[in-house]
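S.K.: Give me a 3D structure for the following:
(one chain, ligands or ions: 2)
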Amino acid sequence: MLPASQAESLILDLVQPLHLQRDSETVHLMAASGRILATEVVGTLDFPHWDNSAMDGYAVRYADVQGCSAEQPAVLDIVEEIPAGYQPQKTVQPGQAARILTGSMMPSGADTVVIQEETTRDGDRVSILSPPRSNAFVRHQAEFYRAGTPLLSAGLELAAPDIAVLAAAQVPTVTVYRRPRVALLSTGSELVGPDQPLHPGQIVDSNQYALAALVASAGAEPVCLGIVPDQPEPLKAAIARAIATADMVLSSGGVSVGDYDYVDRILAELGATLHIRAVAVKPGKPLTVATFSRQDPGTTAEEPSQILYFGLPGNPVSALVSFWRFVQPALRKLSGLSSSWSPVVVKGRSHHELRSDGKRETYFWGQLYLADGEYEFHRAGGSLSSGNLINLAQTNGLAILPVGHTRVAAGEEVDIMQVNSAKSITQKQIKV
Ligand code: AMP
Ligand code: MG
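M.R.: Ligands and ions are numbered 1, 2, ... in the order given. All right, here's what the predicted structure looks like:
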């Protein structure tokens, strides 16, 4: 059985990210949130666009004011008023100043701003009462960013701050990767949908719903192919359809060693290369990872598209944990993100004792809080059996016990993987 960290790096090595030319599209900034930039953006505007004032005051020539004091103020003629959005019309000559407001363009001739508080005004004349530093309160053109240099790099996920930068740089559209398509199928003759009558012995297909939500929140497009019974022919047809249409396939169930676990055999029959059959994790031990080559329009015979197939365990807790631990990093790399594929792991105190047999990397699901600025993990109440789906609700963290570790005492520090970012970490309500 493969150790978890080796499985993760093997999986990441198998991922062929979306293709810069074939898999990119242009979107308007209003639709760019959460999309991944496919090409570097180079701006054509300097920041600031021109020299401007950082304060309300007077634009002056430093040479005119450098020796002034409250006793011997420099008295200057005000030749112009420069509000925001106005282009100065006059050059400030020796002995002159311009009234200027925050953000306004500096007039030519002036090199320094004297803040209003250091002046007194009398009609069209201003007295400067103390000498500023040379160039004080002037934001110089291109001081923050120079046109023609990289503004945002390819492979980053666009969020509000990036979109603000692009808008300010007058970049109204961006080239982003298309959303990866992830086919989902639930295998199991016992499965019925949540809206169908449940007969004795049947089980509701929760995986399709949970995985679709996870795929969508990872920025990808779920393609739900429904329930497939444990029969070789329908299963083969469904898997063939999935690999023909998607960039990644997630099936759940049928990868264990039971009599009806056909998935691995069918993958081999369909020409897959099987890379992983099981990983030393708990829950989630049976995990099949395979790849298929597909000849898409625009691909060469030497460089076909590579489809990654995950056969997740059917057990709902195991399926989710496997997604967070192994599928999500692969999906992040596939989608064009240039870094930060792996889950975020923080250190925090476990509120409860945690026990494992130490044989496999073990995950405990529960809630991650902030308490007095430190992370605190509360394992879910009730049984942490992988068959107990019900106490998974509101999970936002998985405490991890590495192989060889059998116990974390209550109050002891433990690694916690942040999961389900939709369920954000909250301040723990301390009861008094
Ligand atoms: P399997 O991996 O196919 O042996 O399934 C393991 C357990 O998970 C069995 O109890 C299945 O009934 C259950 N299971 C399989 N697929 C699903 C699913 N899509 N949703 C909920 N439970 C499932
Ligand atoms: Mg099954």
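S.K.: packing partners for the host helix or strand of residue 398?
M.R.: Taking DSSP states H and E as the criterion, residue 398 maps to strand 397-401. Here strand 397-401 touches strand 345-350, strand 361-371, strand 374-379, strand 413-418, going by 3 or more CB pairs under 8 Å, 6 or more residues apart in numbering; DSSP states H and E. Quick note: C-beta positions are derived from backbone N, CA and C, even for glycine.
S.K.: What ranges does the stretch 251-400 of the chain have for its helices?
M.R.: With helices called from DSSP state H, counting those that start in this stretch, the stretch 251-400 of the chain shows them at 263-269, 316-322, 328-334.
S.K.: how about those helices, which one is nearest residue 385?
M.R.: Taking CB to CB, helix 316-322 is the member of those nearest to residue 385, at 8.2 Å.
S.K.: Just the C-alphas of that closest one, formatted as CSV.
M.R.: C-alpha atoms of helix 316-322 as CSV (Å, rounded to 0.1, in the frame of the first residue of the first chain):
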residue,chain,number,x,y,z
PRO,A,316,-19.5,8.3,1.6
VAL,A,317,-17.0,9.4,4.3
SER,A,318,-14.1,7.7,2.5
ALA,A,319,-15.2,9.2,-0.8
LEU,A,320,-15.1,12.8,0.6
VAL,A,321,-11.9,12.3,2.5
SER,A,322,-10.2,10.9,-0.7
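S.K.: And the contacts of that helix?
M.R.: Contact with helix 316-322 is made by 206-207, 210-211, 214, 252, 281, 283-287, 310, 312-313, 363, 365, 386-389, 392, 398, as judged by CB atoms under 8 Å, 6 or more residues apart in numbering.
S.K.: now stretch 369-384
M.R.: Under CB under 8 Å, 6+ apart, the answer for stretch 369-384 is 346-352, 354, 364-368, 388, 390-392, 395, 397, 399, 414, 416, 425-428, 430.
S.K.: ok, the residue nearest to residue 4 when sequence neighbours are not counted to ligand 1 distance?
M.R.: Spatially, and ignoring its direct neighbours in sequence, residue 4 is nearest to residue 361 (4.4 Å; CB to CB, 6 or more residues apart in numbering). Note on residue 361: its distance to ligand 1, by CB to the nearest ligand atom, to the nearest Å, is 19 Å.
S.K.: ok, now residue 110?
M.R.: 71 Å.
S.K.: and the angle for the strand holding residue 398 with strand 413-418?
M.R.: 140 degrees (axes from the mean of the first three to the mean of the last three CA atoms, to 10 degrees).
S.K.: tell me which residues of strand 397-401 are tucked away?
M.R.: 397, 398, 399, 400, 401 (16 or more other CB atoms under 10 Å).
S.K.: Report the beta-bridge partner residues of the second one.
M.R.: Read it as residue 398. When bridges are taken as DSSP bridges, the partners of residue 398 come out as residue 365, residue 417.
S.K.: tell me the mean pLDDT over the helix ranked longest in the chain?
M.R.: For the chain, the helix with the greatest residue count under DSSP state H is helix 232-245. Averaging pLDDT along helix 232-245 gives 97.
S.K.: does ligand 1 sit close to that helix?
M.R.: No. Residues of helix 232-245 are not located near ligand 1 by CB under 6 Å from any ligand atom, the shortest gap being 11.6 Å.
S.K.: what packs against the helix or strand of the chain with the lowest mean pLDDT?
M.R.: None of the helices or strands of the chain scores lower by mean pLDDT, DSSP states H and E than strand 426-427, at a mean of 78. Helices and strands touching strand 426-427, by 3+ CB pairs under 8 Å, 6+ apart, are strand 361-371.
S.K.: For the contacts of stretch 369-384, which ChimeraX command selects only the ones that are buried?
M.R.: Only the buried entries of these go into this ChimeraX selection, using 16+ other CB under 10 Å:
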select :348,349,350,351,352,354,364,365,366,367,368,391,392,395,397,399,414,416,425,428
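S.K.: So for the nearest residue to residue 387 once chain neighbours are set aside, what's the pLDDT?
M.R.: Nearest non-adjacent residue to residue 387, counting by CB to CB, 6+ apart: residue 315, 6.6 Å away. At residue 315, the pLDDT value in this model is 94.
S.K.: likewise residue 429?
M.R.: Looking at residue 429, its pLDDT is 60.
S.K.: Could I get the buried residues of strand 397-401 in JSON lines, plus columns for distance to ligand 1 and pLDDT?
M.R.: Listed next are the buried residues of strand 397-401 as JSON lines, based on distance: CB to the nearest ligand atom, whole Å; pLDDT from 0 to 100:
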{"residue": "397", "distance to ligand 1": "22", "pLDDT": "96"}
{"residue": "398", "distance to ligand 1": "19", "pLDDT": "97"}
{"residue": "399", "distance to ligand 1": "23", "pLDDT": "98"}
{"residue": "400", "distance to ligand 1": "23", "pLDDT": "98"}
{"residue": "401", "distance to ligand 1": "23", "pLDDT": "98"}
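S.K.: In the stretch 1-150 of the chain, what residue lies closest to ligand 2?
M.R.: Nearest residue of the stretch 1-150 of the chain to ligand 2: residue 1, at 20.2 Å (CB to the ion).
S.K.: Equivalent analysis for the stretch 101-250 of the chain, please.
M.R.: Nearest residue of the stretch 101-250 of the chain to ligand 2, counting by CB to the ion: residue 188, 4.1 Å away.
S.K.: mind listing what the closest residue in space to that residue that isn't next to it in sequence touches?
M.R.: With sequence-adjacent residues excluded and distances taken as CB to CB, 6+ apart, residue 188 is closest to residue 253, at 4.5 Å. Applying CB under 8 Å, 6+ apart, we find residue 253 in contact with 186, 187, 188, 191, 207, 230, 263, 312, 313, 314.
S.K.: ok, now with 7 Å
M.R.: Neighbour list for residue 253: 186, 187, 188, 314 [criterion: CB atoms under 7 Å, 6 or more residues apart in numbering].
S.K.: Give me the phi and psi for residue 394.
M.R.: phi 70, psi 10 (degrees, to the nearest 10).
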